[in-house]
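Asker: Pasted the sequence and its predicted model underneath.
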Amino acid sequence: MERSWKKYLNKWLWLYIGIGVLVILLNIAAWNSTTFCDAYIAYVFPIWVNTYGRLTGVAPFSVGEILLGLGVMLLGLAGILWIPWLVTAVVRKLRKKSKPGAGRGFRIFYRFFAWTLLIVCLIMTLNCFILYHASTFSENYFGEDNGEYTLEELITVRNMVVEECNRLSLLMERDEEGNILYDGDLEQTAIESMQKLGKTYGRLDGYYPRPKPLYTSDFFSQQYMCGYYFPFSMEANYNTVMYIMNKPSTLCHELAHLRGYIFEDEANFISYLACIQSDDIVYQYSGYLSVLNYLDNDFYKAVGRDRESYLAQPRISSQVSKDNVFVTDDEWERINGNALIDTETVEAVSDAVVDTTLKVNGVQDGMISYSRVVRLLLLYYSYGQDEGGN
């Protein structure tokens, strides 16, 4: 019986090693071959969205959020049990004899933990890490970006976005306090907007699972996080607490990740295009608002913080400024009043984790990469907006 048990364990050990080697080889291939990554995204990655994504999509809640919570609990339990497991092992060693089955519970737990860790590495590799080394959206549809953009070009795009924001802000339906009202199907409109964009940019075409709200939106608000793409469940999730004008662009941003575009600046850009080309004016307004700060900040820096030069251009209306918020003051007061950990600490830890994750995957400028959407906008409006293709 003992030999049979050991033989059974050896089979699982070799399977574990095999999967581990596969993970390593996939990451090596990804770091060294853009062609491999492009082929993977074109032919393999959609399989996960169309199978696993459809399966998790049946659940009315975020499966990824639950898995993330369970993962944190498992990690904490592994840390807590480490010392008693070590003490038990030392005691058994000193006694030289131990009762049959002594320490078996610890062994079973840590084997489970090891397998969970391996599966996480495999899923992250397949649904996230490989994507970082593929061709970019601009390379796929606009060609290589070798352009040097002038201040005049930046001003043109910035002013266009400002004027559209000012115009659309006057068309919004509002309550007595001036808050924007929306009675449409937010999630379905995001899917339709992305599918419409997919008619121009072929890799964006296809099935999209319905985006899901985050139950712990308060905690994600403390991280200043609008949405989340869960590689473990192939879900697009969004913060329900943030102000309505962030939601359309966020939903499209997270759905862009499900088409293999993992870079944040590209997801921002794709979301912008999907929103401004939507038939829904709330989506249009959200799209322009989503890039307003990036453009305005870059313009202000470009003129050397010269206030006179800045004020010489069209100004952002007071109404747009009121609409351009992450979370309302009332919501912030509620969130901070109920928070177990202060927002400043949560934000600092979150920023460090996100920044490190991006850099580990080859995005050397880390979170600054989010603002690279400005260059994509300049590229698009310079010569890319009529290209498209499949």
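Answerer: Happy to help now that I have it. Residues are numbered from 1 along each chain as shown.
Asker: Quick check: the gap between the closest residue to Ser290 other than its chain neighbours and Ala267.
Answerer: Nearest residue to Ser290, sequence neighbours excluded (C-beta to C-beta, 6 or more residues apart in numbering): Ser249, at 3.8 Å. (C-beta placed from N, C-alpha, C; glycine too.) From Ser249 across to Ala267, the span is 10 Å (C-beta to C-beta, to the nearest Å).
Asker: can I assume Leu255 sits in a strand?
Answerer: No: assessed with DSSP: H, G, I helix; E, B strand; the rest coil, Leu255 is helix; it does not lie in a strand.
Asker: I figured it hits Tyr208, correct?
Answerer: Yes: between Leu255 and Tyr208 there is a contact under C-beta atoms under 8 Å: 5.3 Å.
Asker: and the next element down the chain from the host helix or strand of Gly69?
Answerer: Using DSSP states H and E, Gly69 maps to helix 63-95. Scanning forward in sequence from helix 63-95 by DSSP H and E, the next helix or strand is helix 104-124.
Asker: In terms of neighbours, single out the busier of Leu255 and Tyr208.
Answerer: Using other C-beta atoms under 10 Å, the more surrounded residue of Leu255 and Tyr208 is Leu255, with 29 against 26.
Asker: ok, now which ones touch that one?
Answerer: Residues near Leu255 by C-beta atoms under 8 Å, 6 or more residues apart in numbering: 190-191, 194, 208, 211, 236.
Asker: I'd like those laid out as CSV, including distance to Gly53 and secondary structure.
Answerer: Below are the contacts of Leu255 laid out as CSV (distance: C-beta to C-beta, whole Å; DSSP: H, G, I helix; E, B strand; the rest coil):
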residue, distance to Gly53, secondary structure
Ala190, 15, helix
Ile191, 12, helix
Met194, 14, helix
Tyr208, 9, coil
Pro211, 12, coil
Ala236, 9, strand
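Asker: now the strands: where do they sit in the protein?
Answerer: 212-213, 227-230, 235-238 (DSSP state E).
Asker: mind checking which of those is nearest Lys199?
Answerer: Closest to Lys199 of the strands of the chain is strand 235-238 (C-beta to C-beta; 20.0 Å).
Asker: what does the average pLDDT come to for the closest one?
Answerer: Here strand 235-238 scores 96 as its mean pLDDT.
Asker: ok, that strand: who's next to it in the sheet?
Answerer: Strand 235-238 has the following strand partners under DSSP bridges: strand 212-213 (parallel), strand 227-230 (antiparallel).
Asker: who's in contact with the first one?
Answerer: Going back to what we said before, that points to strand 212-213. Residues from elsewhere that reach strand 212-213 (C-beta under 8 Å, 6+ apart): 61-62, 187, 235-240.
Asker: what about the stretch 1-150 of the chain, any weak spots by pLDDT?
Answerer: 1-9, 82-103, 144-147 (pLDDT under 70).
Asker: coming back round to it: list the residues that contact both of Ser249 and Ala267?
Answerer: Going by C-beta under 8 Å, 6+ apart, no residue sits against Ser249 while also sitting against Ala267.
Asker: And the protein, what are its domain boundaries?
Answerer: Following automatic domain parsing, the chain resolves into domains at 2-133, 147-384.
Asker: To Tyr141, which of those lies closest?
Answerer: Tyr141 lies closest to domain 147-384 among the domains of the chain, at 5.8 Å (C-beta to C-beta).
Asker: How far off centre is that closest one?
Answerer: Relative to its chain's centre, domain 147-384 lies at 12 Å (C-alpha atoms, centre = their mean, to the nearest Å).
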